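[1] fold the following and give me the result.
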Amino acid sequence: MRRPPLHRLRQFYDVRAFRSSLASLEALPQFAILGILSGLVTGLTILAFRGLIEFTLHLLLPEGPDAFESMSLLERGLTPIAGASCIALYFHLMKGQDLKMGVAQVLERLSHHQGYMSLRNFIVQFVAGALALISGQTGGREGPAIHLGAAASSLLGQRLSLPNNSIRVLVGCGAAAAIGSSFNTPIAGVIFAMEVILMEYTIAGFMPVILASVTGTLVVQFALGSESLFVVPSVGLSDWTEIPFIVLAGLMIGCIAAIFVRGVEALHPRLPGTQSLKLILAGAVTGVLGLGIPEVLGIGYDTVNLALAGGIGFFLLLGILVAKLVATTLSVSLGLPIGVVGPTLFIGAVCGAMLWHLSQSLGLSGTHPAFFVLLGMGAMMGATLNAPLAALMALMELTQNSEIILPAMLCIVVATITAVHGFKMKSLFETQLKLQGIQLEHTPMRQVLRRVSVETLMSTRFVRVKARISRAEAEAVIKRNPIWLLVESPNNPTFIVLAEDVARYLGEQANEDINLLEIPAIRRDTSAISWRATLDEAFDTIAHHSVGALIVTRMPAPGVTTPVGILLEEDIEAYSWRRRD
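    Have a look, this model is predicted:
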């Protein structure tokens with residue numbers, strides 16, 4: 001049964017009103033709905049991604065998806081090479097612009113493309129990330145998961161034709177839901193999204209991100225259960241004499257984090273060859289290292305659990321640390337589509353286990369190995385990603401133990417200060433973007449302008465007129481009480497003129513034929529911009545075209561563009577100063 005035209009019109013109006021309400025972050029109920037939708041979409045995406053990986057690994061590794069140690073020597077050497085070769089072949093068939101992946105790609109799209117991500121890029125990350133993890137490459141699933149969550153949420157916003165400021169929020173929602181559902185840590189997902197992805201904290205921005213993280217985590221918990229990835233006993237600071245050792249741990253792990261990031265920075269431009277050759281080389285290095293130290297293969301969370309229990313000797317830990325550090329540094333430098341959050345937790349856990357052995361030799365016999373392993377995990381993640389708060393929240397949620405917070409805060413802060421300020425190191429994601437020649441722009445003014453759409457400030461009090469009009473037409477237009485006249489001429493650029501200037505001219509002159517190109521009035525050249533654009537985009541458009549105003553347009557039908565508002569340069573500047581104050 002066909003719906004009556006009035007119902008369809010009301011439905012269209014409601015959708016359009018919903019989109020328009022998202023022009024400002026003040027529309028909390030609408031953004032709450034978006035957060036929940038983002039969490040659902042991301043949760044289902046992560047379930048599909050993890051399901052493919054874990055199902056395939058269970059076929060290859062009957063003892064468990066992390067049990068690469070159970071492989072024969074030949075299998076451990078050849079599997080990473082075969083996987084890297086498949087990725088290289090897959091990349092060869094894809095377009096170049098679709099091959100950028102991971103958290104760095106999310107940041108780049110957010111900074112320079114308002115968070116718009118393509119379906120092809122989503123598919124490439126899904127397939128390549130799954131191939132990398134199935135073949136035992138030394139990486140985590142969190143990086144691909146963040147990319148997939150952000151891309152899925154961005155595509156959701158594009159499908160709903162939402163304004164660009166809300167698509168940016170959806171990208172943060174997708175990243176939060178991905179982290180929350182990957183680790184079963186919804187709070188850490190929220191902090192990671194605000195600290196690393198969006199790089200700002202606002203009340204309005206928090207709400208949808210929180211809802212997305214909670215929803216995505218619940219979706220995955222419903223399907224896979226709520227068990228933690230790690231077996232963590234209840235540990236905490238047992239004696240004040242441990243504090244100097246905690247500081248030492250932070251210093252040591254800060255140095256290792258700097259070695260890792262500086263290694264990527266040094267190797268990336270110095271490794272010759274085609275992309276295919278680089279990928280195969282990365283797989284070959286991982287395979288060779290896996291021959292002697294199989295713990296280097298895959299995500300390695302089984303090794304982390306063993307370290308938490310104190311089940312690995314000091315010298316084996318040292319070998320694992322060196323092998324994992326070398327393999328991960330080369331894999332990231334050579335462009336394998338792996339996540340780096342997992343490796344930072346792994347490396348930090350191994351460092352912490354080594355520090356526990358050292359503490360035993362110094363007489364701190366009452367300390368549980370999990371204490372230093374957890375500190376190492378948080379410190380390495382915080383220092384490498386320059387995300388100390390996200391690392392702290394992740395530890396708190398993984399352990400469900402408030403006693404770890406105080407020592408973890410100290411260790412994470414010392415490690416982050418050591419790496420970032422002692423070695424003048426940027427986060428790994430910023431370093432990756434720098435190597436691609438991409439600079440993130442996160443000035444206070446930019447952040448303010450990116451939060452809202454042009455619809456927030458545009459004036460709708462305008463009338464479209466031709467350049468030459470009769471006196472009667474001009475008087476009729478002025479009676480409509482507009483602020484601006486939008487003057488369209490086939491032989492001249494579109495411009496705007498103040499209605500009060502036209503009214504003054506009508507009162508002073510008796511001409512019947514009026515040429516708005518010639519009367520004494522303040523005129524402003526214009527350029528067009530979509531209603532979906534942010535004020536940040538509007539500011540750039542004004543500067544690029546050297547105009548004084550923008551005509552905000554909608555497309556009610558394909559190929560038809562209609563002006564719906566006028567936005568002035570001084571309105572944008574006044575808004576940015578008002579919000580910053």
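[2] which SSE is immediately downstream of the longest helix along the chain?
    Identified as the longest helix of the chain according to DSSP state H is helix 28-60. Next in sequence after helix 28-60, counting helices and strands by DSSP states H and E, comes helix 73-93.
[3] angle of that following helix against helix 28-60?
    130 degrees (axes from the mean of the first three to the mean of the last three Cα atoms, to 10 degrees).
[4] just how off-centre is stretch 375-390 within its chain?
    17 Å (Cα atoms, centre = their mean, to the nearest Å).
[5] what mean pLDDT does it get?
    Stretch 375-390 shows a mean pLDDT of 92.
[6] number of residues surrounding residue 321?
    If you count neighbours by other Cβ atoms under 10 Å, residue 321 ends up with 20. From N, CA and C alone the C-beta is placed, and that goes for glycine too.
[7] tell me the buried residues in stretch 532-547?
    532-539, 541-542, 547 (16 or more other Cβ atoms under 10 Å).
[8] among these, which lie within helices?
    535-539, 541-542.
[9] and of the residues you listed, the nearest to residue 123?
    Proximity of these to residue 123 (Cβ to Cβ) peaks at residue 537, which lies at 27.2 Å.
[10] quick one: residues contacting that closest one.
    With contact taken as Cβ atoms under 8 Å, 6 or more residues apart in numbering, residue 537 is in contact with 114, 164, 454, 529.
[11] one more: residue 174?
    With contact set as Cβ under 8 Å, 6+ apart, residue 174 has these partners: 38, 41-42, 146, 148-154, 212.
[12] could you rerun that using 6 Å?
    38, 42, 149-150, 152-153 (Cβ atoms under 6 Å, 6 or more residues apart in numbering).
[13] buried subset of those residues as a ChimeraX selection?
    The buried subset of the contacts of residue 174, as determined by 16+ other Cβ under 10 Å, is captured in ChimeraX by this line:
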select :38,42,149,150,152,153
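[14] need the max-distance pair from the contacts of residue 174.
    38 and 150 (9.4 Å).
[15] filter the contacts of residue 537 down to the buried ones, ChimeraX style.
    ChimeraX command restricting the contacts of residue 537 to the buried ones, with burial defined by 16+ other Cβ under 10 Å:
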select :114,164,454,529
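[16] kindly indicate which of the contacts of residue 537 lies nearest residue 474.
    Within those, the smallest distance to residue 474 is 27.7 Å, found for residue 529 (Cβ to Cβ).
[17] secondary structure class for that closest one?
    strand (DSSP: H, G, I helix; E, B strand; the rest coil).
[18] quickly list what it is bridged to.
    Residue 529 has the following beta-bridge partners by DSSP bridges: residue 552.
[19] what's the spacing between it and residue 326?
    Per Cβ to Cβ, to the nearest Å, residue 529 is found 49 Å from residue 326.
[20] isn't there a strand covering residue 566?
    Yes - judged by three-state DSSP, residue 566 forms part of a strand.
[21] thinking again about what came up before, for residue 242, state which of the ones in helices among the buried residues of stretch 532-547 is nearest.
    In terms of Cβ to Cβ, no member of these lies closer to residue 242 than residue 536, at 47.8 Å.
[22] OK, contacts around the closest one?
    Taking Cβ under 6 Å, 6+ apart, one finds 446, 449-450 in contact with residue 536.
[23] got the contact list for the helix or strand containing residue 344?
    When secondary structure is defined using DSSP H and E, the element that contains residue 344 is helix 341-361. With Cβ under 6 Å, 6+ apart as the test, helix 341-361 has contacts from 140, 142, 245, 249, 253, 299-300, 304, 307, 314, 317, 320-321, 324, 328, 367, 369, 372-373, 375-377, 379-381, 384.
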